[in-house]
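# give me a model of this one.
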Amino acid sequence: MGDWNLLGRLLESAQEHSTVVGKVWLTVLFIFRILVLGAAAEKVWGDEQSGFSCDTKQPGCQNVCYDKTFPISHIRFWVLQIIFVSTPSLVYLGHILHLVRMAEKEQQREETGGAQQEPLVQHKPSIRDVPGKIRLRGAILRTYICNIVFKMLFEVGFIVGQYALYGFELKPLYTCNRWPCPNTVNCYIARPTEKTIFVLFMTGVACLSLLLNLIEMYHLGFTKCRQGLAADHCRAPAPKASSNAPREISDHHIPRCPAPYSLPRPADPTGATLKPSRSPRQRVWESKDQL
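Next up is the predicted model:
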């Protein structure tokens, strides 16, 4: 089988900006799918057609019976499954790289033409948080959710497709009556029990990946709902105090809300420190104090 290093590096780059459940999904993909498929499954299947035999010598009969029994090889089917399931993560990675590149271009334009821009213009929020990772919000969050949804759809589609093509068990004996077979012939496959174990294992891993995607959707929904409730609580007006109630309120009754975005105070172009202006009455009292 081909080299998986390039796909592995791309998926690792994408999962660096995902949730904890997404990182677990990547581990399951590499260890229980790619590693098992490359190390053991290929050796079990090998050249399937050479191990497929029928009790007839009619030319062409064995080939058509093999095509009827196995429309597509299990190994190639699982390789296609890995490619399709990994494609949404690669699209998500491409979206992140596009946004990062656009942010870098915007920063370069600000650095080159910063003197000509107004100092009080509010800039767009950065797509990175404090540690430097990508924030899951806005367009990135929508792309990430679409990534999970399409992975679930591909998993379900390939599980149903595998059941429709082969079922979840390989029989030692298959019958075939296709032309040019002279009559109904019996055909046999090699190591049916061992192959059935691998089929069940790969199907179980696909179900596990589907379960991880469902957990990740629930995790994202629960987290965003909790953040939305916290934001609504911060925006809620404070209760009006009665006339008989004390004016002092304890700190634990005041909601802890994040400070709003504030622009920095512009500096004096001459370099002097700006002082607040004083009214005429304040200047009169200061002159009396000096006397």
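# use CA for all of it now, contacts and neighbours both
Will do.
# next, count neighbours for the residue nearest to residue 207 when sequence neighbours are not counted.
Nearest non-adjacent residue to residue 207, counting by C-alpha to C-alpha, 6 or more residues apart in numbering: residue 155, 7.7 Å away. Per other C-alpha atoms under 10 Å, the neighbour tally for residue 155 reads 23.
# excluding its backbone neighbours, what's nearest residue 21?
Residue 21's closest residue in space is residue 216 (C-alpha to C-alpha, 6+ apart), at 5.7 Å.
# now the one helix or strand the residue nearest to residue 207 maps to: buried residues?
Element membership for residue 155 (DSSP states H and E) is helix 138-165. Buried residues in helix 138-165, defined by neighbour count with 16 or more other C-alpha atoms under 10 Å: 140, 143-152, 154-155, 158-159, 162.
# do stretch 166-185 as well
Within stretch 166-185, the residues that qualify as buried are 166, 168, 170, 171, 174, 176, 181, 185, counting by 16+ other C-alpha under 10 Å.
# so which of those residues belong to strands?
Here DSSP state E is the test, and the buried residues of stretch 166-185 give 174, 176, 185 as lying in strands.
# for this structure, what's the longest helix?
Longest helix in the chain, counting residues (DSSP state H): helix 192-235.
# so what pLDDT did residue 141 get?
Residue 141 carries a pLDDT value of 83.
# show me where pLDDT drops low in the stretch 151-291 of the chain?
Within the stretch 151-291 of the chain, the ranges that satisfy pLDDT under 70 run 224-291.
# try it again with 90
Counting by pLDDT under 90, the stretch 151-291 of the chain shows low-confidence ranges at 165-185, 189-195, 198, 216-291.
# could you check how far the closest residue to residue 96 other than its chain neighbours is from residue 18?
What sits nearest to residue 96 in space, not counting adjacent residues and going by C-alpha to C-alpha, 6+ apart, is residue 140, at 7.2 Å. Per C-alpha to C-alpha, to the nearest Å, residue 140 is found 10 Å from residue 18.
# list the helices and strands the longest helix of the chain packs on?
Using 3 or more C-alpha pairs under 8 Å, 6 or more residues apart in numbering; DSSP states H and E, the elements in contact with helix 192-235 are helix 20-29, helix 42-45, helix 138-165.
# okay if I get the ones you listed as JSON lines plus distance to residue 102?
JSON lines is the format used below for those (distance: least, C-alpha to C-alpha, whole Å):
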{"stretch": "helix 20-29", "distance to residue 102": "25"}
{"stretch": "helix 42-45", "distance to residue 102": "43"}
{"stretch": "helix 138-165", "distance to residue 102": "14"}
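# out of those, which comes closest to residue 36?
Of all those, helix 42-45 sits nearest to residue 36, with 8.9 Å by C-alpha to C-alpha.
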